[in-house]
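Q: I would like the atomic coordinates for the input below:
(one chain, ligands or ions: 2)
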Amino acid sequence: MKVRIFDTTLRDGEQTPGVALTPDQKLAIAQKLDELGVDAIEAGFPIISEGERQAIKSITSAGMRADICGLARTERKDIDAAVAVGLNYIHTFIATSDIHLQYKLKITREQALAKAVDAVQYAKGLGLKVEFSAEDATRTDREFLKKVFKAVTEAGADRLDIPDTVGYSTPEYIAAITRDTIDATHLPVSVHCHNDFGLAVANAISAIQAGAQCAHVTINGIGERAGNASLEELVMGLQCLQFDKKYETNINTKLLYETSRFISKTVGVHVQPNKAIVGENAFGHESGIHTHGVLNNPLTYEPISPELVGRTRWFQVGKHAGAHGISSMLEEYGIQPSKEQAHEILDKVKKLGDLGKHVTDVELLSIAGEVMQQPGLKRMVHLIGFSVSTGIGNMPYAFVKLNIEGKDFIGTDYGVGPVDASINAIQKITGEISKVRIKDYRLESISGGSEALCEVTIKVEDPYGNQASAKSVGEDIVITSVQAMIDGINRIMLKKILKQKNLGQ
Ligand code: KIV
Ligand code: ZN
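A: Ligands and ions are numbered 1, 2, ... in the order given. Now for the predicted structure:
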């Protein structure tokens, strides 16, 4: 069965606390969603602002393959605003639960029912395609919910949506009300699940098993509070898990990771590392037992192949590592330790792990170099001097002294901030020597307070297409950024040397 994917990243996703998008950003996201293969894009809520209207106008006139929809309350002015921006498909909603009726709308059930019917009739009279949502459906009296859905069906609604507005449903309950709705109306039914109890995707899948044909989802599960059902989890769950029936979508799953990264960057909401499918760790392996299993057959510890969602697997050395994993990581650099050497390297890695240290590739290579007596495998770039000045009225200025393979180099530069100045100063030196430039920089706070720890992830690239990422954790944003940058440069220089060595062999 084909499941329709209704993406609401641009509407419910934009309701994520702290997120606000410009019309250009919204258009760029809509284009990515269209390429990904979503069936419908909820582009926004036309009544709310001029920028929103501009964004929706540009999306509706961009000639996308997906159906473009806009949100409207059951108010004629909202529906008119949707028509004015070129929409021919609206998602109109009114709350139906007693708690919303009594405390938010301050109207009776009968008044809500009348408003719903009026809005659907009005929109149909304007020639629109209408999807109707009974907001807070899962906390609505079950008989009243059926009555509302029946009435809007008679008024001409094309589709119905069951919102689990505060993520309150269980998989069993949403399945039951999905069946009620289909039996009472025979219309195509969607589900719109929020993740307040971490059940959004499970609830959406359960509703689909009960006959819903469509799910409202967002990329990375962003949305109000704990977010919405995540597109990537739902799509991969439907495609890969065992059901009585086979479910398919129009999503090009190979674009999932790239789309997730693009949305995360554009909306400024970081994806947690342990997030299913698109989190950094979703296809990473550290423990020796797992690494060994995956090297023999990836399906031992990977439910799906990472390539299916546009990713690659990776191994991390750490205190749980095993000799197989270490050997396989070193092999990527063309280094083949003997069994004894691999165990000796592993011992050293475990000792560092017990001291709470995270072992980077560069450190692993340098340990391997020591054990295998290959002195070439060592850090080439060392930071030996660094200072930065910043303040109000003066442009931040940095001084950096690096030792590269025994020779000292000095770089100085200005920047828009102290991190920028420091990185510019480093790039002045390494740009001349190795032409390494920074491709991506990400800074996150990983604990609270003014003494918070920060984590900097940096991606660097050289003119030969070699890329390397490095991560550093520390208390000082500037020093941590500089350390990550130096680590990245070391990794890329080592990669280049090892490549040349292997080619020469
Ligand atoms: O969660 C919700 O109830 C909504 C409505 C607008 C359908 O987003
Ligand atoms: Zn919602």
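
Q: give me the neighbour count for the residue in the stretch 401-505 of the chain positioned nearest to ligand 1.
A: Of all residues in the stretch 401-505 of the chain, Glu444 sits closest to ligand 1, at 28.3 Å by Cβ to the nearest ligand atom. All C-beta spots, glycine's among them, are computed from the backbone N, C-alpha and C. By the criterion of other Cβ atoms under 10 Å, Glu444 has 12 neighbours.

Q: helix, strand or coil: sort out it for me.
A: strand (DSSP: H, G, I helix; E, B strand; the rest coil).

Q: quick check, it in contact with His270.
A: Yes. Taking Cβ atoms under 8 Å as the definition, Glu444 is a contact partner of His270 at 6.2 Å.

Q: circling back to that earlier point, I'd like to know how many residues surround the residue nearest to the residue of the stretch 401-505 of the chain closest to ligand 1 when sequence neighbours are not counted.
A: Nearest residue to Glu444, sequence neighbours excluded (Cβ to Cβ, 6 or more residues apart in numbering): Glu455, at 4.9 Å. Number of residues near Glu455 (other Cβ under 10 Å) recorded here: 16.

Q: name the element Glu455 belongs to?
A: Element membership for Glu455, per DSSP states H and E: strand 454-461.

Q: residues making contact with that strand?
A: 436-446, 467-477, 480-481, 483-485, 487-489, 491-492 (Cβ atoms under 8 Å, 6 or more residues apart in numbering).

Q: Phe93 - that's part of a strand, no?
A: Yes. Assessed by three-state DSSP, Phe93 belongs to a strand.

Q: next, Lys245: phi, psi?
A: The phi and psi values for Lys245, taken as degrees, to the nearest 10, are phi -110, psi 170.

Q: what's the spacing between the closest residue to it other than its chain neighbours and Asp34?
A: Take Lys245 and drop its neighbours on the chain: the residue closest to it by Cβ to Cβ, 6+ apart is Met1, 5.6 Å away. Note on Met1: its distance to Asp34, by Cβ to Cβ, to the nearest Å, is 23 Å.

Q: which one's more surrounded, those two?
A: More crowded of Met1 and Asp34, by other Cβ under 10 Å: Asp34, with 18 against 12.

Q: am I right that the more buried one is in contact with Ala28?
A: No. If you go by Cβ under 8 Å, Asp34 and Ala28 don't touch, sitting 10.9 Å apart.

Q: who in the stretch 51-200 of the chain is up against ligand 1?
A: Within the stretch 51-200 of the chain, the positions lying close to ligand 1 (Cβ under 6 Å from any ligand atom) are 93, 133, 135, 163, 165, 192, 194.

Q: of those, which is the most crowded?
A: His192 (30 neighbours).

Q: what strands flank the helix or strand encompassing that residue, and is each parallel or antiparallel?
A: Here His192 sits within strand 189-193, counting by DSSP H and E. Here strand 189-193 has these sheet partners by DSSP bridges: strand 159-164 (parallel), strand 214-217 (parallel).

Q: just the helices in the stretch 1-150 of the chain please.
A: 23-36, 50-60, 76-84, 98-100, 109-125, 142-154 (DSSP state H, counting those that start in this stretch).

Q: which one of those helices lies closest to Gly198?
A: helix 98-100 (22.3 Å; Cβ to Cβ).

Q: who's in contact with the closest one?
A: Counting by Cβ under 8 Å, 6+ apart, 109, 135-136, 139-141 sit against helix 98-100.

Q: try it again with 7 Å
A: Residues from elsewhere that reach helix 98-100, judged by Cβ atoms under 7 Å, 6 or more residues apart in numbering: 135-136, 139, 141.

Q: can you tell me which of those residues is nearest ligand 1?
A: Glu135 (4.2 Å).

Q: so who does Tyr414 touch?
A: 395-397, 421.

Q: now, of these, which are buried?
A: 396-397, 421 (16 or more other Cβ atoms under 10 Å).

Q: just to revisit the earlier point, can I get the helices of the stretch 1-150 of the chain in JSON lines including mean pLDDT?
A: Output for the helices of the stretch 1-150 of the chain, formatted as JSON lines (pLDDT from 0 to 100):
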{"stretch": "helix 23-36", "mean pLDDT": "98"}
{"stretch": "helix 50-60", "mean pLDDT": "98"}
{"stretch": "helix 76-84", "mean pLDDT": "98"}
{"stretch": "helix 98-100", "mean pLDDT": "98"}
{"stretch": "helix 109-125", "mean pLDDT": "98"}
{"stretch": "helix 142-154", "mean pLDDT": "98"}
